[in-house]
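Trainee: prediction below, plus the sequence it came from.
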Amino acid sequence: MSLRTHRPAFRRALVALVALPLLATAACGGSGTEDGASGEQATCEKSDGKVKLTYWSWIPGVDKAVAEWNRQNPDIQVTVKSTPTGNTGTYQNMSNALKAGNAPDLGQIEYDSLASFRLQEGLTDIASCAGVKEAQGDFVDWTWSQVTFGADGKDGVWAVPQDTGPMALFYRKDLFEKHGIAVPKTWDEYYEAAKKLKKADPKAYMTHFSQTDPNWFSGLLWQKGANMFAQEGDAWKVDVDSPAAGEVADYWQKMIDEKLVATDLQGFSPALHKAWNNGEVATWVSAAWGYSTIRDNAKATAGKWAVAPMPQWSAGENKAGNWGGSTTAVMGKSKHPYEAAQFALWLNTDPKALEILNREGGLYPAATAGLELAALKKPVDFYDGQTVFDVFADASKNVTTDWTFGPTMTDTYRFMGDGIAGALGGQGTLEDALRTADAKTVDSLEKQSLEVAK
Amino acid sequence: MTADPIAATASPPAQTAPAPVPARRRRNWAPVFFLLPFFVPFVLFTLVPVGYAFYQSLLKTERTGGTFGRKTTVFAGLDQYKEVLGDAEFLGSVGRVLVFGLVQIPVMLLLALVLALLLDSTVARLKRFFRIAYFVPYGIPGVIAALMWAFLYDPRLSPIVDLLDKAGSAPDFLGSSMMLWSIGNVVTWTYTGYNMLIIYAALQAVPSDIYEAARMDGASEATIAWRIKVPILRPALILTGVFSIIGTLQLFTEPQVLRSISTSVTSTYTPNLAAYSLASANNYSEAAAMSVTLALATFVLSFGFLKLTGRKAES
């Protein structure tokens, strides 16, 4: 929900259409020298008197949690505005609002876009606000490294983690049983399983490989430890086509070449949902939030799916990737960073708030306390009574912490998406896609006048 | 097919009154007053945004210190234009829409002309019904139309592909070799009726005694259509031609929608998509330079078309 899950073509297209005439006006702002006041918040003082905060979010039912806060805190009243998911409009609106000087005090921002908002000087460093640094222990390790940009808090704290998308393997238990396929523990076994499935049912695919989800592919790279970005001193190290990434690319290229994965099914598309319902696609390596994507779109297959840990690159390992998840950020130029930070902390650590966000919005919490929510300990009917969230709770703890998203991630995803499209369409390979994305990302960083380590 | 560039070319000539009243210097403000409703929105919504985009295109971002740095915006002259003109993918996308336009525009206009002539012919029945029926696609929002066609192209969902498959072979509508045709089909479907209506309206303005006279001279309906109607329709055809050139260079919605189901459409498939992608990655200066370049290209092409057709009319 808060993730990049729901983006039906219709809404994307609609936003695109609306955004088009804005192109000229979107080119607004950024003129002259921006004093970058938002960049560093030396002190984080409590404001006098009553404070009113504005908050933009797209979590369904977040207003209920906010109402609870408002009830408990008569002096800090929060108004929530419901917005479309990040990439379908909210980020653009936030950027415009930042330039126009009327951005909200708080905003929901996904991990992968956090760096680019910091680059636009759209975030407030809340490290010096009371309770923020102390909250580190309350969150799953890797989420904290995301909001501190992997610098252990020395470089500031730029948001409060909200929810995550630890990845695991969704598979069709019934099809696996029917064809005598064991649940793959490693990627090698996954490949063998794919071949076995193809042999048993030539029309079936192990999974789909979507051109439109380069962030999914990033989740696979994340598991492999193939970090695309790193900070080296004052420079950015770009390593989109690292040897480790190359191994992942080669693996999936083999799957594509041998037609073991469907290459004509885009993620979250009606065609994919139809294929799920027909039993044409047997697995999906996806995030915790994916459980509802399958449940809501493949109703005909109720009781037939199960969840297992993500296949590993080496037997005996226990690594997971992450796909999606977001933060609550205090936006740049907020006049009340102290109060905003208090609200952000409460929203994402208070048991009552976590319970509401999970119940209403289906959020998979970033707070360790959230992983223990009663609702996440229950068997899930659609998955034949399996307590699927146990798998994700483990995965959540196994996501490596040194992953860094680049400051021009929108561009990097775009280059990857274009390259993947080529590979799926038979022009070039996934390895080529990574190589091109690497070179173009360097270019894109340099255009933003950022230093790139060679 | 936005009409604002038309407004730009159609701005009325500055009128200097023939001033037969020399004695008293009295300025007549009435014409200015009446022109205001045109000029105020024109300045606000056409000149200002274009001017602002141009201004943006002359800037660039610089940063100092740290991995994120502190942002300053500096004047960069024509640097961004150098980037844009050296961008092989952008140039490729321009080439792509030009090829697209060379095929699609003539097909669409010919279709629109034929439909208008058929509707106008004396033997046509149910004129009002057909007039509306052909216009209906234009009334459907572009996104919806593109989504609908996307559904019809999708091999896993489409009943049409299913039928073609059963009949022998179905083309891969979403493949890279077919994509431009598939988009062309959507555009033609959407705008033929619209163009037809403009041409048809022009036909209605022709006094019927001309046809009367031609019939008395023994001309057949076909001869009347070819010898009388088509020449009279010249200005309407030129107008629809200019609209179509502008629309082609602005191509955005259809490829953007089809992008979500096909691997053939990249983020730089058309110039407008390329500019949109840059703007969504916060590279406003280059996006602005791209937009201005595109606006210039549109202006040159539509103006060139007008000149060309105008010259032919004189000779």
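Mentor: In hand now; what should we look at?
Trainee: just checking, what packs against the helix or strand in which B:Arg234 is found?
Mentor: Using DSSP states H and E, the element containing B:Arg234 is helix B:230-249. With contacts defined as 3 or more C-beta pairs under 8 Å, 6 or more residues apart in numbering or on different chains; DSSP states H and E, helix B:230-249 has these neighbours: helix B:4-9, helix B:88-120, helix B:179-204, helix B:284-314. Backbone N, C-alpha and C define where each C-beta goes, glycine included.
Trainee: mind redoing it with 6 Å?
Mentor: Secondary-structure packing of helix B:230-249 (3 or more C-beta pairs under 6 Å, 6 or more residues apart in numbering or on different chains; DSSP states H and E): helix B:88-120, helix B:179-204, helix B:284-314.
Trainee: weakest of those helices by average pLDDT?
Mentor: Ranked by mean pLDDT, the helices and strands packed on helix B:230-249 end with helix B:284-314 in last place, scoring a mean of 89.
Trainee: thinking again about what came up before, which residues does the helix holding B:Arg234 contact?
Mentor: B:1, B:5, B:97, B:101, B:105, B:109, B:195, B:198-199, B:202, B:206, B:298, B:301-302, B:305, B:309 (C-beta atoms under 6 Å, 6 or more residues apart in numbering or on different chains).
Trainee: quick one, phi psi at the residue in the stretch 251-400 of chain A that chain B sits nearest to?
Mentor: Proximity of the stretch 251-400 of chain A to chain B (C-beta to the nearest C-beta) peaks at A:Ala271, 4.3 Å away. Phi and psi for A:Ala271, reported as degrees, to the nearest 10, are phi -60, psi -40.
Trainee: can you tell me which residues contact it?
Mentor: Taking C-beta under 6 Å, 6+ apart, one finds A:Leu265, B:Asp154, B:Arg156, B:Leu157 in contact with A:Ala271.
Trainee: roughly how far apart are it and A:Trp252?
Mentor: 20 Å (C-beta to C-beta, to the nearest Å).
Trainee: A:Glu134 too?
Mentor: A:Glu134 is 42 Å from A:Trp252, by C-beta to C-beta.
Trainee: A:Gly321: what's it in contact with?
Mentor: A:Met167, A:Gly219, A:Leu220, A:Trp222, A:Gln223.
Trainee: which of the contacts of helix B:230-249 sit farthest apart?
Mentor: For those, the farthest-apart pair by C-beta to C-beta is B:Val97 and B:Val206; their separation is 34.5 Å.
Trainee: quick one, which of these two is more surrounded?
Mentor: B:Val97 (23 against 14; other C-beta atoms under 10 Å in any protein chain shown).
Trainee: doesn't B:Tyr269 make contact with that one?
Mentor: No: using C-beta atoms under 6 Å, B:Val97 makes no contact with B:Tyr269, being 9.0 Å away.
Trainee: can you pull out the low-pLDDT segments for chain B?
Mentor: Across chain B, the ranges flagged by pLDDT under 70 are B:1-25, B:312-315.
Trainee: close to chain A: what parts of it are there?
Mentor: Within chain B, the positions near chain A by C-beta under 6 Å from any C-beta of the partner chain are B:49, B:53, B:56, B:61-63, B:66-68, B:70-73, B:143, B:147, B:154, B:156-157, B:176, B:252-253, B:256-257, B:260-261, B:263, B:266-267, B:277, B:279-281, B:283-284, B:288, B:291.
Trainee: A:Ser449: neighbouring residues, count only.
Mentor: 15.
Trainee: OK, contacts around it?
Mentor: B:Thr61, B:Glu62, B:Arg63.
Trainee: in strands only, show me these.
Mentor: Counting by DSSP state E, the contacts of A:Ser449 place B:Thr61, B:Glu62, B:Arg63 in strands.
Trainee: residues touching the last one, list them.
Mentor: Applying C-beta under 6 Å, 6+ apart, we find B:Arg63 in contact with A:Ser449, B:Gly69, B:Lys71.
Trainee: then the second one?
Mentor: By C-beta under 6 Å, 6+ apart, B:Glu62 lies in contact with A:Ser449, B:Thr72, B:Val74.
Trainee: let me know the closest of those to A:Ile294.
Mentor: Once C-beta to C-beta is applied, the member of the contacts of B:Glu62 that ends up nearest A:Ile294 is A:Ser449, at 43.5 Å.
Trainee: please tell me how far that closest one sits from B:Met290.
Mentor: To B:Met290, A:Ser449 is 19 Å away according to C-beta to C-beta.
Trainee: how about the residues of the stretch 251-400 of chain A by chain B?
Mentor: So the stretch 251-400 of chain A meets chain B at A:Gln266, A:Ala271 (C-beta under 6 Å from any C-beta).
Trainee: just the strands in the stretch 251-400 of chain A please.
Mentor: A:261-262, A:283-287, A:305-309, A:326-330 (DSSP state E, counting those that start in this stretch).
Trainee: strand partners (parallel or antiparallel) of the last one?
Mentor: Right, strand A:326-330. If you go by DSSP bridges, strand A:326-330 pairs up with strand A:106-110 (antiparallel), strand A:160-161 (antiparallel).
Trainee: tabulate the ones you listed (CSV), appending distance to B:Phe130, mean neighbour count and mean pLDDT.
Mentor: Shown next, in CSV, are these (distance: least, C-beta to C-beta, whole Å; neighbours: other C-beta atoms under 10 Å in any protein chain shown; pLDDT from 0 to 100):
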stretch, distance to B:Phe130, mean neighbour count, mean pLDDT
strand A:106-110, 51, 28, 97
strand A:160-161, 61, 28, 98
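Trainee: tell me which of the ones you listed lies nearest to B:Thr122.
Mentor: Closest among the strands paired with strand A:326-330, using C-beta to C-beta: strand A:106-110, at 64.1 Å.
Trainee: let me see the backbone angles for A:Gln77.
Mentor: phi -100, psi 130.
Trainee: test my guess that it contacts A:Val51.
Mentor: No: contact status for A:Gln77 versus A:Val51: not in contact, 7.3 Å apart, counting by C-beta under 6 Å.
Trainee: more neighbours, those two?
Mentor: Legend: neighbour count by other C-beta under 10 Å for A:Gln77 and A:Val51, higher for A:Val51 (20 against 15).
Trainee: surely the more buried one meets A:Ile76?
Mentor: Yes: contact criterion C-beta under 6 Å: A:Val51 and A:Ile76 qualify, at 5.0 Å.
Trainee: which neighbours do the two share?
Mentor: A:Glu339.
Trainee: dihedrals phi and psi, the residue nearest the centre of chain A?
Mentor: The residue lying closest to the centre of chain A (C-alpha atoms, centre = their mean) is A:Gly324, at 1.5 Å. A:Gly324 has phi and psi values of phi 90, psi -170 when expressed as degrees, to the nearest 10.
Trainee: quick check: it touching A:Thr164?
Mentor: No: applying C-beta under 6 Å, one finds A:Gly324 not in contact with A:Thr164, separated by 7.6 Å.
Trainee: ok, now how distant is A:Trp116 from A:Trp236?
Mentor: Just so we're on the same page, residue A:116 is Ser rather than Trp. 12 Å.
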